[in-house]
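Participant: what follows is a predicted protein model with its sequence.
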Amino acid sequence: MPELPEVETIVRALRVGGRGGPSILKKQVQSAELTWPRTLAEPDGGQFLARLPGQQVMDINRRGKFIVIRLDRDTLLIHLRMSGNLRVEPGGMLQPHDRLTVNFSDGWRLVFNDARKFGRAWLVADAQQVLAGLGPEPFDPALTAGVFHRRLQERRRQIKPLLLDQSFLAGMGNIYTDEALHLAKIHPLQNSADLTLERADRLLGALRVVLQQGINTNGASIDWVYRGGEFQNNFRAYGRAGQACPECGTTIARIVVGQRGTHYCPQCQGL
DNA sequence: CATCAACCCTGAGAGC
DNA sequence: TGCTCTCAGGGTTGAT
């Protein structure tokens, strides 16, 4: 399930080439195909197919888990959700679960594949209308320990669901949240408002460490969709229920928090 | 505001 | 081998 590091890996490949395809920067859209209309959040299919042709790819960025492709008139935003993936390829047969295809004038195409149909795309004049509700980027220098601590105080929630809340912090998913909480030695049910400045500082540092490790290893290959990353070999807690904690040897536990499978060390991450 | 559950989906893995 | 069942999870929505 693509989280910040996986999305960042995909964005970098779109920008500079990689994962089997060239950069799509400067390419001009010739046409588009929509094989599963509900993939499109907005506008409707007719407008989408009419507005896209002729636009050129100016810039490719990431905001939270959104892929932000700035064109010369509109911005194409893509959220991969659970099972989405993007390919850049030189034509050929479409694959099962391909939902949206952008054909470029030089013959290459960008394909949005999404087995579970949870992913969404937007074509809007102003990207802010889609991204407005997102919290800060974890790597934003303006997000100091003091600011982070204050934001934790302002809410009074279990820390894990809060970290997964994209309006609180943009980009965290289930894997990296479990990893960061384990690294920071904080229990997933810990109340956010009760965290001291020192522990908030440690948590922010841990978030950045695990996200950076994820980016450095091209993300995690944890299911049959996203391939190519290596971070799954470094998991400390996620998916390791019943195995030994790498810090103390205690058996990693699994509980459900906010409808999410949650992995933690009962010894290291006491409440 | 916080919490919880349902919903959207399909493929994988377990159990039989 | 092949069937059925359960589980996985990001985000939205509605109820408590």
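Facilitator: Arrived safely.

Participant: ok, what's across the strand from A:Val111?
Facilitator: Beta bridges link A:Val111 to A:Arg87, A:Thr101 when assigned by DSSP bridges.

Participant: likewise A:Gly21?
Facilitator: A:Gly18.

Participant: OK, contacts around it?
Facilitator: Shown in contact with A:Gly21 (C-beta atoms under 8 Å, 6 or more residues apart in numbering): A:Ala13, A:Arg87, A:Val88, A:Glu89, A:Trp108. In this view, the C-beta of every residue, glycine as well, is placed from N, C-alpha and C.

Participant: do a quick rundown of the helices in chain A.
Facilitator: Using DSSP state H, the helices of chain A run over residues A:4-16, A:45-51, A:128-131, A:145-154, A:159-164, A:174-184, A:197-216.

Participant: dump the contacts of A:Gly21 to a markdown table, plus distance to DNA strand C, pLDDT and neighbour count.
Facilitator: Converted to a markdown table, these look like this (distance: C-beta to the nearest atom of the strand, whole Å; pLDDT from 0 to 100; neighbours: other C-beta atoms under 10 Å):
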| residue | distance to DNA strand C | pLDDT | neighbour count |
| --- | --- | --- | --- |
| A:Ala13 | 20 | 92 | 22 |
| A:Arg87 | 20 | 92 | 17 |
| A:Val88 | 23 | 95 | 21 |
| A:Glu89 | 25 | 94 | 15 |
| A:Trp108 | 28 | 97 | 17 |
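
Participant: which among these gets closest to DNA strand B?
Facilitator: Using C-beta to the nearest atom of the strand, A:Arg87 comes nearest to DNA strand B of the contacts of A:Gly21, at 16.4 Å.

Participant: mind listing what the closest one touches?
Facilitator: A:Arg19, A:Gly20, A:Gly21, A:Leu110, A:Val111, A:Asn113.

Participant: neighbours of the closest residue to A:Glu3 other than its chain neighbours, just the number please.
Facilitator: Spatial nearest neighbour of A:Glu3, excluding adjacent residues (C-beta to C-beta, 6 or more residues apart in numbering): A:Gly173 at 3.3 Å. Number of residues near A:Gly173 (other C-beta atoms under 10 Å) recorded here: 21.

Participant: do I have it right that A:Gly173 meets A:Val7?
Facilitator: No - shown here, A:Gly173 and A:Val7 do not form a contact pair, counting by C-beta atoms under 8 Å, at 9.5 Å.

Participant: now A:Val147: how far from DNA strand B?
Facilitator: Relative to DNA strand B, A:Val147 is positioned 17 Å away (C-beta to the nearest atom of the strand, to the nearest Å).

Participant: per-residue confidence at that residue?
Facilitator: Note on A:Val147: pLDDT of 95.
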